[in-house]
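J.: Quick one, structure for this:
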Amino acid sequence: MEIQEQNQPILNPNPENQKKSVGKTVKMLILAVILSLIFGSLGGGLATLLVLRSPKAQKLLNGIPLNQNVTLNEDSSTVNVVKQDGPAVVSIIISQDLSELPGYGMNPDSQDPFFNYFFNNGQSPQDNGNSSGGNSSSGNGSSSDNGNTSSGLQEVGAGSGFFISADGLILTNKHVVSDTTASYTVITSDGKKYDAKVLAQDPTNDLALVKISIQNAPFLKLADSSQLQVGEHVIAIGNSLGQYQNTVTSGIISGIGRSITAGDDTGSSEDLSGVIQTDAAINPGNSGGPLLNIEGQVVGINTAIDQQGQLVGFAIPANEIARALASYQKNGKITSAFLGVRYIIITDDIATQQNLPRNYGALIVRGQNITDFAVLPGSPADKAGLMENDIILEVNGTKIDENNTLASLIANYNPGDTVTMRVYHKGNEEDVKVVLGESK
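T.: Just a heads-up that it's a prediction; the model follows:
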């Protein structure tokens, strides 16, 4: 029997029909996706609407603040601080009878009614924006609207300050009220003017206390400046340029524990250590105004600016203010412990450059002038045997470095206290006891 193989027919579809079939399938898939999206959205929206209309959802939503973001919160905090603390900030006007100054009238320069304070902090307030403020409610205001008093005094400078107690005690910079021949007027934020009396000046720091006759004054509270962090948001308020009362600027803490020499055009200078650096704009006239944290507490008092840079300002920390206040409340004056040495803080770079045996501590050095003693004759340091080129390493066991300067450590003690200093002297380390004196 013969078996024949049955060959299957070969399929050979028409290409045109194949294209039409694929196109129809794609169109159906697209339509299905679109319909799914439409009905899904309608269904989801209807379900959401039903849920939101329920009593429980309404109650929940009422407790959720809408349209909030980080920037808005920070701006709102700044506004709140200014509203809260602004009334406690004052302007201090310096007036003087220029006709009594030596050489007045001899040349144009002698008639220039401008005093240059530390880094030119303090300018003539030719228009303080409060000429219509009138006299104080207590009748103390003596300055007239044109800046002259009946005795011939003229406004020659301006600074800032702020209340630290309800009875009218004001903190400001020492250099703002250092002229004993001048008269001082305080202008409060509402434009009222008060005669001011200088009560005390810090012998070692740029701080001073001023008093006016007022009751229930708004006052500021001090923060613990030891808790400050670089990058922290801060706000400065002051009498900018002596013309714009209660000007507000803001920025951050740029540095902590800076040491600077603040000076003026007359050659006067003062060494300040442990100060705060900030990029909040501090202009001439801001001296004595507060530097505030976002909670409205005083972290420092604005003191100086670096004229060679931009937005480089410095403030004395709040803990130094607290020390001065405690001293005044206890002694009726601001007293400071006194050692009597001139020094530089040793860093790694300084240790390398000068080939020093230690990379920390306070190196006792002589100043540039022949009268700039490294150790002041008759001072506590002199009596304890400290000498030029000695390195003070520790004070009562606390290491001296950029964060703990010698001045800041000495400031923790009172005149008459005995401290033990670890000193590197001629190749050896030894403990030296020093009885601290009182700054004059």
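
J.: how deep is the residue lying closest to residue 161 once chain neighbours are set aside tucked in, by neighbour count?
T.: Leaving out its chain neighbours, the residue that sits closest to residue 161 by Cβ to Cβ, 6 or more residues apart in numbering is residue 172, at 3.6 Å. Yep, even glycine has a C-beta here, placed from its N, CA and C like the rest. Residue 172 has 27 neighbouring residues, counting by other Cβ atoms under 10 Å.

J.: repeat for residue 388
T.: Quick note: residue 388 (other Cβ under 10 Å) scores 13 neighbours.

J.: what sits against it?
T.: Contacts for residue 388 (Cβ atoms under 8 Å, 6 or more residues apart in numbering) come out as 364-366, 374-375.

J.: what sits against the residue nearest to it when sequence neighbours are not counted?
T.: Spatially, and ignoring its direct neighbours in sequence, residue 388 is nearest to residue 374 (3.7 Å; Cβ to Cβ, 6+ apart). Taking Cβ under 8 Å, 6+ apart as the criterion, residue 374 is in contact with 341-342, 364-367, 387-389.

J.: Go through these and name the one nearest residue 349.
T.: residue 365 (15.7 Å; Cβ to Cβ).

J.: Surely the closest one and residue 350 touch.
T.: No: Residue 365 is not in contact with residue 350 according to Cβ atoms under 8 Å; the separation is 10.7 Å.

J.: shared neighbours, the two?
T.: What both residue 365 and residue 350 touch, as defined by Cβ under 8 Å, 6+ apart, is the set residue 344.

J.: returning to that earlier point: local confidence estimate at the residue nearest to residue 388?
T.: Residue 374 carries a pLDDT value of 90.

J.: For it, give its distance to residue 422.
T.: 19 Å (Cβ to Cβ, to the nearest Å).

J.: hmm, back to that, in strands, which of the contacts of residue 374 appear?
T.: Judged by DSSP state E, the contacts of residue 374 include residue 364 as members of strands.

J.: Just give the nearest non-adjacent residue to residue 439, would you?
T.: residue 203 (3.8 Å).

J.: The one you found: how many residues sit nearby?
T.: Residues near residue 203, counting by other Cβ under 10 Å, number 15.

J.: which stretches of the stretch 301-440 of the chain form helices?
T.: All helices of the stretch 301-440 of the chain, identified by DSSP state H, counting those that start in this stretch, fall at 318-331, 348-353, 380-383, 406-410.

J.: Can you redo those helices as a markdown table, where the extra columns are mean pLDDT and distance to residue 213?
T.: Shown next, in a markdown table, are these (pLDDT from 0 to 100; distance: least, Cβ to Cβ, whole Å):
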| stretch | mean pLDDT | distance to residue 213 |
| --- | --- | --- |
| helix 318-331 | 92 | 18 |
| helix 348-353 | 93 | 51 |
| helix 380-383 | 96 | 40 |
| helix 406-410 | 87 | 35 |
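
J.: So which of those helices is nearest residue 88?
T.: Among the helices of the stretch 301-440 of the chain, the nearest to residue 88 by Cβ to Cβ is helix 318-331 (14.1 Å).

J.: how about residue 338, what does it touch?
T.: 204, 379-380, 410, 415, 436-440.

J.: What distance do you get for the residue nearest to residue 161 to residue 302?
T.: 10 Å.

J.: list residues touching both of these two?
T.: Residues touching both residue 172 and residue 302 comprise 160, 287-288, with contact defined as Cβ under 8 Å, 6+ apart.

J.: Break this structure down into its domains, please.
T.: As given by automatic domain parsing, the domain ranges for the chain are 87-211, 225-331, 337-438.

J.: do you know which of those domains lies nearest residue 80?
T.: Per Cβ to Cβ, nearest to residue 80 of the domains of the chain: domain 225-331, 7.6 Å.

J.: who does the longest strand seen in the chain pair up with?
T.: Identified as the longest strand of the chain according to DSSP E is strand 244-263. When pairing is defined by DSSP bridges, strand 244-263 lines up against strand 233-240 (antiparallel), strand 269-278 (antiparallel).

J.: Next, the buried residues of that strand.
T.: Neighbour counts over strand 244-263 (16 or more other Cβ atoms under 10 Å) mark 244-251, 253-254, 256-258, 260, 262 as buried.

J.: go on, stretch 213-228?
T.: 214, 217, 219-220, 222-223, 225, 228.

J.: Please convert the helices of the stretch 301-440 of the chain to TSV, extending it with mean neighbour count and distance to residue 182.
T.: Shown next, in TSV, are those (neighbours: other Cβ atoms under 10 Å; distance: least, Cβ to Cβ, whole Å):
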stretch	mean neighbour count	distance to residue 182
helix 318-331	18	22
helix 348-353	11	41
helix 380-383	20	34
helix 406-410	21	29
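
J.: Identify all contacting residues around stretch 424-438.
T.: Taking contacts as Cβ under 8 Å, 6+ apart, the residues outside stretch 424-438 that touch it are 335-340, 357-358, 361, 379-381, 383-387, 390-391, 393, 410, 413-423.

J.: Of those residues, grab the buried ones for PyMOL.
T.: Those of those that count as buried under 16+ other Cβ under 10 Å are selected in PyMOL with:
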select buried, resi 335+336+337+338+339+340+361+379+380+381+384+386+390+391+393+410+413+414+415+419+421+422+423
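
J.: Out of the contacts of stretch 424-438, which sit inside strands?
T.: Counted as lying in strands by DSSP E, out of the contacts of stretch 424-438, are 337-338, 391, 393, 418-423.

J.: I'd like to know which elements the helix or strand containing residue 210 is packed against.
T.: Counting by DSSP states H and E, the element that carries residue 210 is strand 208-211. Packing contacts for strand 208-211, counted by 3 or more Cβ pairs under 8 Å, 6 or more residues apart in numbering; DSSP states H and E, involve strand 169-172, strand 193-201, helix 318-331.

J.: Packing partners of the longest one?
T.: With contacts defined as 3+ Cβ pairs under 8 Å, 6+ apart, the secondary structure elements packing on helix 318-331 are strand 208-211, strand 298-305.
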